[in-house]
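**Student:** With the sequence up front, the predicted model follows.
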Amino acid sequence: MNKITLLGLVSSLIIFSCTDPNSLGLDVHPSSDVISFSDTSSFSWQTSQTEQGDSIRTDEALNLILGEIEDPIFGYSRASFYTQLLLSENNIELGPNPQVDSVILSYTYSDYYGDEMLDFQSIQINRIDENIYRDSIYYSSSFDFMPGETENWVEEHVIDASNNTLRIKLNSDFGQQILTLGDAGIVDNEIFLQSFKGIGVFAQSENTMLYLNPNGSNSYFRIYYHNDNTDTLSLDFELGDDAARINLFNPKLLSNITQVDGERYIQSMGGSRVKISLENLDNLRDLLSGKVLNRVILTVQALDQEGQYNSHEKLRLVKIEDGLTSLLPDAYEAS
């Protein structure tokens, strides 16, 4: 989880009477062509407030977030996930009397947030009963996965910082459930997913979240087994590519934030956002009449944070119109 605390909003608007959308040559424009105001106290055109964030779309994300953080400002945040396990090939022959030797779930992690200890107190993995689909849309609140009374199949886990890997050993009985399906049950993924819909992964931690890469070089689910003919075999499953996967975040309330008057708060993972309302637009139109906008800059000042919690590196500005949220037309061009 990332966060940023806003101390205030200082807006700068720079307008040049030219039609070139690029900044090249702006330094040679005469000062008479420039309208600039940078202090909101001299031109009152906006107000701001912290709002409750929406549930966000989290299916097939590049990274799956896993862990927990107890933030002194924002309170408790949890990230768990659902994922399918997909066969790496079709028409697998297990051989006579296949028996599991060990079961490993491994993820490459691209980064972490929170404590540098990089460890979880425990990890829980359960089979899920819900069908999830690669071509469907899911949100961070689509399911509420918490460790419950269902059996946890995890025996142990290791976070290896030397090669950025989270390695989880599962109980052999978990893998035996898959081998018991036999060759007919693992003909292809369509058949396999009818019997084995996927897993839910939950981690308890002091203050650590890992960003897991399902397509990483050390990301896989593997069953090591033997049969009556061969001592060492393995059955591999994919976690990325076409595997449906959904990050799940706990609901967050504004009442959980320790707020200070005059400050605004932004929290990711479906937390809080800042709403900026534009006012006195008629006056703004009069001021800009006959001018062409070359650049509009909105500047926010982040409060200094103590400890391990860094502010967001990037923020995204969207518009709200008639109750609908959408990206600005130049969202993909703006820096």
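**Tutor:** Right, received. Where do you want to start?

**Student:** now stretch 316-335: mean pLDDT?
**Tutor:** When the per-residue pLDDT values of stretch 316-335 are averaged, the result is 71.

**Student:** and it, how far out from the chain's middle?
**Tutor:** Going by C-alpha atoms, centre = their mean, to the nearest Å, the spacing between the C-alpha centre of stretch 316-335 and its chain's C-alpha centre is 19 Å.

**Student:** do the same with stretch 274-287
**Tutor:** Taking the mean C-alpha point of stretch 274-287 and that of its whole chain, the gap between them comes to 33 Å (C-alpha atoms, centre = their mean).

**Student:** Likewise for stretch 155-164?
**Tutor:** Here the centre of stretch 155-164 is set off from its chain's centre by 21 Å, with C-alpha atoms, centre = their mean.

**Student:** just stretch 140-156 next, same as before
**Tutor:** Distance of stretch 140-156 from the chain centroid (C-alpha atoms, centre = their mean) equals 19 Å.

**Student:** got the end-to-end distance for that stretch?
**Tutor:** Distances were taken as C-alpha to C-alpha, to the nearest Å; on that basis the terminal residues of stretch 140-156 are 27 Å apart.

**Student:** Now it: buried residues?
**Tutor:** When neighbours are counted by 16 or more other C-beta atoms under 10 Å, the buried residues of stretch 140-156 are found to be 140, 142, 143, 145, 147, 152, 153, 154. C-beta: built from backbone N, CA, C; applies to glycine.

**Student:** and which of these is nearest residue 188?
**Tutor:** residue 153 (24.4 Å; C-beta to C-beta).

**Student:** which residues are contacting stretch 210-222?
**Tutor:** 62-67, 83, 85, 103-113, 118, 159, 163-166, 203, 234-241, 243, 245 (C-beta atoms under 8 Å, 6 or more residues apart in numbering).

**Student:** List the ones among the residues you listed that fall in strands.
**Tutor:** Within the contacts of stretch 210-222, membership in strands is found for 64-67, 83, 103-113, 159, 165-166, 203, 234-238, 245, as judged by DSSP state E.

**Student:** Pull out the buried residues from those residues.
**Tutor:** 64-67, 83, 103, 105-109, 112-113, 159, 165-166, 203, 235, 237-238, 245.

**Student:** need the next SSE after the helix or strand where residue 275 lies, C-terminal direction.
**Tutor:** Counting by DSSP states H and E, the secondary-structure element that holds residue 275 is strand 272-278. As assigned by DSSP H and E, the chain's next helix or strand after strand 272-278 is helix 281-288.

**Student:** Return the distance of that following helix from the chain's centre.
**Tutor:** Taking the mean C-alpha point of helix 281-288 and that of its whole chain, the gap between them comes to 39 Å (C-alpha atoms, centre = their mean).

**Student:** buried ones in the following helix or strand past it?
**Tutor:** For helix 281-288, the succeeding helix or strand toward the C-terminus, using DSSP H and E, is strand 293-302. When burial is assessed from 16+ other C-beta under 10 Å, strand 293-302 yields the following buried residues: 294, 300.

**Student:** Restrict strand 293-302 to CA atoms and write it as PDB.
**Tutor:** Once non-C-alpha atoms are left out, strand 293-302 reads as follows in PDB (Å, rounded to 0.1, in the frame of the first residue of the first chain):
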ATOM      1  CA  LEU A 293      -4.100  27.000 -23.400                       C
ATOM      2  CA  ASN A 294      -0.700  25.500 -23.800                       C
ATOM      3  CA  ARG A 295      -0.200  24.000 -20.400                       C
ATOM      4  CA  VAL A 296      -2.200  23.600 -17.200                       C
ATOM      5  CA  ILE A 297      -0.300  22.400 -14.100                       C
ATOM      6  CA  LEU A 298      -1.900  21.200 -10.800                       C
ATOM      7  CA  THR A 299       0.700  21.100  -8.000                       C
ATOM      8  CA  VAL A 300       0.200  19.300  -4.700                       C
ATOM      9  CA  GLN A 301       2.500  19.400  -1.700                       C
ATOM     10  CA  ALA A 302       3.100  16.100   0.100                       C
END
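
**Student:** That strand pairs with which strands?
**Tutor:** strand 3-16 (antiparallel) (DSSP bridges).

**Student:** tell me the mean pLDDT for the strand it pairs with?
**Tutor:** The average pLDDT within strand 3-16 is 42.
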